[in-house]
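**Student:** Whatever this is, show me its structure:
(2 chains)
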Number of protein chains: 2
Amino acid sequence: MRATVMHKAYDVRVENVPDAAIQQPTDAVIRVTRACICGSDLWPYNGGPNEVGQRMGHEAIGVVEVVGSDVQSIKRGQIVVMPFAFSDGSCMFCDEALHTSCVHGGFFGNGGEPGGAQAEALRIPQADGTLFPLPVGEDDALMPSLLTLSDVMGTGHHAAVTAKVAPGSKVAVVGDGAVGLCGVIAAKRLRAEQIIIMGRHADRIALAREFGATDVVSERGDEAIECVRELTGGFGVHSVLECVGTEQAINTSVAIARPGGAVGRVGVPHYESVPGGQLTFFNNVSVAGGPAPVRAYMAELLPDVMEGRIQPGRVFDRTVGLDGVPEGYRRAMNEREALKVMVRP
Amino acid sequence: MRATVMHKAYDVRVENVPDAAIQQPTDAVIRVTRACICGSDLWPYNGGPNEVGQRMGHEAIGVVEVVGSDVQSIKRGQIVVMPFAFSDGSCMFCDEALHTSCVHGGFFGNGGEPGGAQAEALRIPQADGTLFPLPVGEDDALMPSLLTLSDVMGTGHHAAVTAKVAPGSKVAVVGDGAVGLCGVIAAKRLRAEQIIIMGRHADRIALAREFGATDVVSERGDEAIECVRELTGGFGVHSVLECVGTEQAINTSVAIARPGGAVGRVGVPHYESVPGGQLTFFNNVSVAGGPAPVRAYMAELLPDVMEGRIQPGRVFDRTVGLDGVPEGYRRAMNEREALKVMVRP
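**Tutor:** A predicted model of the protein is given here:
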């Protein structure tokens, strides 16, 4: 079968690899019908840590082709969405809705087993706990939005949840990538009153406004902090959704939280520490977040997607076939020409 | 009147100062009947930032002597406990139970106005919002425990609340000072299942056990982290109460939290940043806390003190008169000979 393989920075290729196959009795294999390129795929592509031969991609919808002998609830032929992490669905962390810390879990497209989702097919460990069946046909018009449940919509929601967004909240979303835009959707869905999008790409800002952003801050650093204070009566926001992962982004996030405010961070940190000196302390600002347990959020978010109340699929602005994946990486990187690329193997 | 004044490191004196008096119509003046020396008083005493002439002390019970013309609910003659911060009780932050961020608030014994509580009397700004009347007489046997509502019991409770202690939680309390011991009481009160006290003073550990600690870790650094993991099935604790404020303490705290765990920090930070790299992130560990809004907790904690269900006053192991305050500082510092010193002016 064909799959996307990282060779080195700026060099991903679609190559022939051994067919995905059952290895454990709890596995399934899906035929991938939709996948994506994620912002976090761009870190290794852009020269960050990567592994020669690393299979890429961790977001997909597919059709179940084979199930292992111990798989109970997942059936051949089902249309399923996969979360970016696999999980058994039954350990103590899964019970606490923290599937990304499952004791039998792991991450797709992460260098080791299993493979990546930017491929014709994919082995799914812990199929019963991992896969989430969708009540639609293979070519349903809702596919783009359903596909975001694999990562970006669930991740934006996690940022909002860990930032404690509540009805009436003043919220800032740091970053106008696909996750940031889904963060806007999540904040609006949780009935935030004010949603400040912080970013500088005109087209993404326009989409953020359609998703519910009420204010825009395109400055960075101290100027951005000042702008947010001005927009919030001098105090800052209740909730900050940190959707970037750079040192500047986390520093800004902590600084724009009001006393008692909360930062929910979902950008994979490319920094080692969070500001925690007396200023943060005396303001009782909390910092939470991490990789989103998107599997835990699927059941909650699905009805809103099915009934059209949220349309996170609008973040996709390019579609490529599997052979177009390398070009998709280039376009996503190149001046951020693409917001989010969908892959149709 | 006589009050405690900081001259320089290791030099506090009890001196004659102008009598406490009403300055604003919202003020009251209390005659101090009980005060204390706090661990946080020892930072400036021990060579940390201090101010020549700084009035010391921020914990007290007293009798209301005079009230300003705008004071409504507080009456002359009432026995009251004061929180370590004053607050108007009506701003948006007070409404959110974050009295330490009150827009008209501030801290006692902090160098500026108002004065300090290790004194014969004290001016109380925002008397209606700040003072909490107690349903006891001036010499009630519960005075030591009631006095801890001024700071250490409320602060230990804040650590537990921000560390999300819940029934059945596994908890670690970092630090065996008065706040740490009150943290043990708070964790027990919130029905934690396992409470690991981390400290190395035999007498304090013994008291922690009486308060409900189930395990003791006296190691530090990596060894301490290893011990906590061993005591918790390898995963760490749900809740960490950071009651010290050093860099080592916060680093240990973050490291011993299990995936999805929470650190509640109440030790005034003598560090600038909190570990926040990929390890913390991938574990979805949250860090919260700050100066405790003890005013918000008084009504909740009072019944448990009145009915003897908690006895935080047992942290006091020395009582001095006002003239004994300098000696109290020396004893509290000197090899931590005193756990917590009560002052009876």
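**Student:** Please list the outside residues in contact with the helix or strand hosting A:Ala3.
**Tutor:** The secondary structure element spanning A:Ala3 is strand A:2-8 (assigned by DSSP states H and E). Contacts made with strand A:2-8 from outside it, assessed by Cβ atoms under 8 Å, 6 or more residues apart in numbering or on different chains, are listed as A:12-17, A:44-45, A:50-57, A:115-116, A:118-120, A:322, A:325-326, A:345. All C-beta atoms are positioned from the backbone trio N, CA, C, and that covers glycine.
**Student:** What's the first helix or strand after it?
**Tutor:** As the chain continues past strand A:2-8, the following element, by DSSP H and E, is strand A:11-16.
**Student:** Give the partner strands of the helix or strand that that next one is followed by in its sheet and their orientations.
**Tutor:** Using DSSP H and E, the next helix or strand after strand A:11-16 towards the C-terminus is strand A:28-37. Next to strand A:28-37 in the sheet, as set by DSSP bridges, lie strand A:60-67 (antiparallel), strand A:121-124 (antiparallel), strand A:341-344 (antiparallel).
**Student:** Share the number of residues neighbouring A:Thr233, please.
**Tutor:** I think there's a mix-up here, since residue A:233 is Gly and not Thr. Here the neighbour count serves as a burial measure; for A:Gly233 (other Cβ atoms under 10 Å in any protein chain shown) it reads 10.
**Student:** so it sits in a strand?
**Tutor:** No - counting by DSSP: H, G, I helix; E, B strand; the rest coil, A:Gly233 is not part of a strand but coil.
**Student:** which phi and psi does it have?
**Tutor:** When quoted as degrees, to the nearest 10, the phi and psi of A:Gly233 stand at phi 70, psi 20.
**Student:** just the contacts of strand A:2-8 that are near chain B?
**Tutor:** Residues of the contacts of strand A:2-8 in contact with chain B (Cβ under 8 Å from any Cβ of the partner chain): none.
**Student:** Whichever of these count as buried, I'd like them selected in ChimeraX; how would that read?
**Tutor:** Below is the selection syntax for ChimeraX that covers the buried ones among the contacts of strand A:2-8, with 16 or more other Cβ atoms under 10 Å in any protein chain shown defining burial:
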select /A:12,14,17,44,45,50,54,55,56,57,115,116,118,119,120,322,325,326,345
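**Student:** still on that earlier bit, how about TSV for the strands paired with strand A:28-37, with mean neighbour count and mean pLDDT added?
**Tutor:** Below are these laid out as TSV (neighbours: other Cβ atoms under 10 Å in any protein chain shown; pLDDT from 0 to 100):
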stretch	mean neighbour count	mean pLDDT
strand A:60-67	22	98
strand A:121-124	27	98
strand A:341-344	22	96
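**Student:** can I assume A:Pro167 is in contact with A:Ala187?
**Tutor:** No - using Cβ atoms under 8 Å, A:Pro167 makes no contact with A:Ala187, being 10.9 Å away.
**Student:** is it true that A:Glu65 touches A:Ile30?
**Tutor:** Yes - A:Glu65 is within contact range of A:Ile30, at 6.3 Å (criterion: Cβ under 8 Å).
**Student:** on that earlier part again, avg pLDDT for the strand holding A:Ala3?
**Tutor:** Taken as a whole, strand A:2-8 has a mean pLDDT of 94.
**Student:** Likewise for stretch A:263-275?
**Tutor:** Averaged over stretch A:263-275, pLDDT sits at 95.
**Student:** Report the buried residues of that stretch.
**Tutor:** For stretch A:263-275, a neighbour-count test (16+ other Cβ under 10 Å) marks A:263-269, A:271, A:273-275 as buried.
**Student:** do stretch A:196-211 as well
**Tutor:** Using 16+ other Cβ under 10 Å as the burial criterion, the residues of stretch A:196-211 that qualify are A:196-199, A:204-205, A:207-208, A:211.
**Student:** same deal with stretch A:39-49?
**Tutor:** When neighbours are counted by 16+ other Cβ under 10 Å, the buried residues of stretch A:39-49 are found to be A:39-42, A:44-45.
**Student:** In helices only, show me the contacts of strand A:2-8.
**Tutor:** Secondary-structure check on the contacts of strand A:2-8 using DSSP state H: residues within helices are A:44-45, A:325-326.
**Student:** OK, contacts around A:Phe132?
**Tutor:** Here A:Phe132 is in contact with A:80-83, A:149, A:295, A:298-299 (Cβ under 8 Å, 6+ apart).
**Student:** can you rerun that using 10 Å?
**Tutor:** Applying Cβ atoms under 10 Å, 6 or more residues apart in numbering or on different chains, we find A:Phe132 in contact with A:61, A:74, A:78, A:80-83, A:146, A:149-150, A:294-295, A:298-299, A:302.
**Student:** Redo the buried residues of stretch A:196-211 as TSV? Include secondary structure and distance to chain B.
**Tutor:** Written out in TSV, the entries for those read as follows (DSSP: H, G, I helix; E, B strand; the rest coil; distance: Cβ to the nearest Cβ, whole Å):
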residue	secondary structure	distance to chain B
A:Ile196	strand	19
A:Ile197	strand	23
A:Met198	strand	19
A:Gly199	coil	22
A:Arg204	helix	24
A:Ile205	helix	27
A:Leu207	helix	27
A:Ala208	helix	24
A:Phe211	helix	25
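**Student:** which among those gets closest to A:Gly105?
**Tutor:** When the buried residues of stretch A:196-211 are compared for distance to A:Gly105 (Cβ to Cβ), A:Phe211 comes out closest, at 30.6 Å.
**Student:** list the residues that contact both of A:Glu65 and A:Ile30?
**Tutor:** Each of A:20, A:121-122 lies in contact with both A:Glu65 and A:Ile30 under the rule Cβ under 10 Å, 6+ apart.
**Student:** and stretch A:1-10, C-alpha only, in PDB?
**Tutor:** Output in PDB follows, covering the C-alpha atoms of stretch A:1-10 (Å, rounded to 0.1, in the frame of the first residue of the first chain):
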ATOM      1  CA  MET A   1       0.000   0.000   0.000                       C
ATOM      2  CA  ARG A   2       1.000   3.600  -0.200                       C
ATOM      3  CA  ALA A   3       1.800   5.800   2.800                       C
ATOM      4  CA  THR A   4       3.500   9.100   3.700                       C
ATOM      5  CA  VAL A   5       7.000   8.700   5.000                       C
ATOM      6  CA  MET A   6       9.300  11.400   6.400                       C
ATOM      7  CA  HIS A   7      12.800  11.300   5.000                       C
ATOM      8  CA  LYS A   8      14.300  14.500   6.400                       C
ATOM      9  CA  ALA A   9      13.300  18.100   6.900                       C
ATOM     10  CA  TYR A  10      11.300  19.400   4.000                       C
END
